[in-house]
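**Q** Below are the sequence and a predicted model; questions follow.
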Amino acid sequence: MTDETTTENFEPLTATYERLRHSTDATELSEFARRPLPDRDDQAAFSRATALLEAVGGNPNTPLEDRVFLAESMPFPNVLVKLAKDPQASVRKAVAGNTDDKNWLVGRLTKDPDLEVRDAALRNPKTSWKMRLEGAQSESSDARILDFLATLGTELEPDAPKVLSSMVRRAVALNPNVSLQTLAKLENDPSPEVRHAVEKRRKERGK
């Protein structure tokens with residue numbers, strides 16, 4: 001056991017948390033980010049480690065690659081909430097794609113100012129149908145994410161609720177950013193509401 005580890009073991013959690021939260025030592029922060037977690041059976045040590053990861057994840061001095069690593073791999077809401085506010089879009093995108101997210105956190109990231117982050121959040125299976133519908137309706141959604149949303153309930157997630165998935169595909173058809181290829185695919189959609197929306201969109205584009 002090193003002197004550093006011994007010091008950490010005897011240092012109160014709040015003191016270690018504040019030290020890591022304000023640390024400018026990138027090497028120390030990186031080491032904490034990559035340190036294997038204690039066994040869950042050791043509840044005290046496990047809780048301490050996850051609390052300290054929150055401090056590390058929320059510190060902008062933690063190297064970017066380590067913040068992305070935590071955002072991709074951590075299942076802990078307290079850590080992911082910190083990382084979801086990171087100033088770097090690559091970190092927020094990693095959180096948005098993490099399938100251990102709570103649906104409310106993914107939902108928040110579907111409104112992110114960065115298109116790549118919104119795209120990743122809308123693709124996350126934890127995203128609610130309400131958020132998917134809002135994404136399909138939003139004029140800030142690009143053709144790529146609309147292409148994805150247009151497959152929900154048919155090509156992807158075929159067992160999805162029929163009403164909810166058809167509402168999303170209908171919204172895609174009505175979105176001015178929908179691609180011609182996706183619009184053509186939706187012409188043969190099993191839902192009559194979606195097919196009617198395609199017809200409406202084609203008439204509008206023909207004006």
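**A** Here it is on my side, so go on. Residues are numbered from 1 along each chain as shown.

**Q** show me where pLDDT drops low in this protein?
**A** In the predicted model of the chain, residues 1-10, 207 satisfy pLDDT under 70.

**Q** What segments of this protein are helices?
**A** 3-10, 13-22, 26-34, 43-57, 64-73, 77-83, 89-96, 103-109, 115-123, 129-137, 143-149, 162-174, 180-186, 192-206 (DSSP state H).

**Q** Pick the most buried one from those.
**A** Greatest average neighbour count among those goes to helix 89-96 (a mean of 24), per mean count of other CB atoms under 10 Å. Just so you know, the C-beta spots here come from the backbone N, C-alpha and C atoms, and that holds for glycine as well.

**Q** list the contacts for the nearest residue to Lys130 once chain neighbours are set aside?
**A** For Lys130, ignoring the flanking residues on the chain, the nearest one in space by CB to CB, 6 or more residues apart in numbering is Gly107 at 7.6 Å. Gly107 sits next to Ala121, Thr127, Ser128, Lys130, Met131 when contact means CB atoms under 8 Å, 6 or more residues apart in numbering.

**Q** and Leu156, which of the helices of the chain is closest to it?
**A** helix 143-149 (7.8 Å; CB to CB).

**Q** Run through the neighbouring helices and strands of the closest one.
**A** helix 115-123, helix 129-137, helix 162-174, helix 180-186 (3 or more CB pairs under 8 Å, 6 or more residues apart in numbering; DSSP states H and E).

**Q** Kindly present those helices as JSON lines, with separate columns for distance to Pro60.
**A** Output for the helices and strands packed on helix 143-149, formatted as JSON lines (distance: least, CB to CB, whole Å):
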{"stretch": "helix 115-123", "distance to Pro60": "17"}
{"stretch": "helix 129-137", "distance to Pro60": "28"}
{"stretch": "helix 162-174", "distance to Pro60": "36"}
{"stretch": "helix 180-186", "distance to Pro60": "39"}
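
**Q** Spatially central residue for the chain, please.
**A** Compute the mean C-alpha point of the chain, and by CA atoms, centre = their mean the closest residue is Ala96, 1.1 Å away.

**Q** So for Pro192, which of the helices and strands packed on helix 143-149 sits nearest?
**A** Minimum separation from Pro192 across the helices and strands packed on helix 143-149 (CB to CB) falls at helix 162-174, 9.0 Å.
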